[in-house]
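> Predicted model, plus sequence, below.
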Amino acid sequence: MKIICPKCKKGAELTMDFTSVTCDFCGLDMSYGEYIKFVAHNEEKYSDILGDYTGSTEGQTAGSLDDWD
């Protein structure tokens, strides 16, 4: 599946089983989980997606991106 590379903004490839992301243009090669974290840390409009990978957050504050390291 074609996606946008978070490093060079060209076409990258996400494997059909969502396990890895590669880009032939800049050499990006990472797991999908690493890709999600990379995008969330580097593109402000997607910073809230890290919340999708946590359990219930009822009664808790979101914190900052630094809390996810």
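Yep, that arrived. Computed from a predicted structure; not experimentally measured. Residues are numbered from 1 along each chain as shown.

> Can you pull out the low-pLDDT segments for the chain?
47, 49-69 (pLDDT under 70).

> tell me the strands in it, going along the chain?
Assigned by DSSP state E, the strands in the chain fall at 2-4, 11-14, 20-22, 29-31.

> who touches stretch 7-25?
Residues outside stretch 7-25 that contact it (C-beta atoms under 8 Å, 6 or more residues apart in numbering): 1-6, 26, 28-32, 34-35. For the C-beta atoms, the positions are set from N, CA and C on the backbone; glycine is no exception.

> rerun that using 7 Å as the cut-off
Here stretch 7-25 makes contact (C-beta atoms under 7 Å, 6 or more residues apart in numbering) with 1-5, 26, 28-32, 35.

> Would you mind naming the residues that bridge with E13?
E13 has these beta-bridge partners by DSSP bridges: K2, T22.

> Can you give me the neighbour number for it?
Residues contacting E13 under the criterion other C-beta atoms under 10 Å number 15.

> What separation do you get for it and K45?
23 Å (C-beta to C-beta, to the nearest Å).
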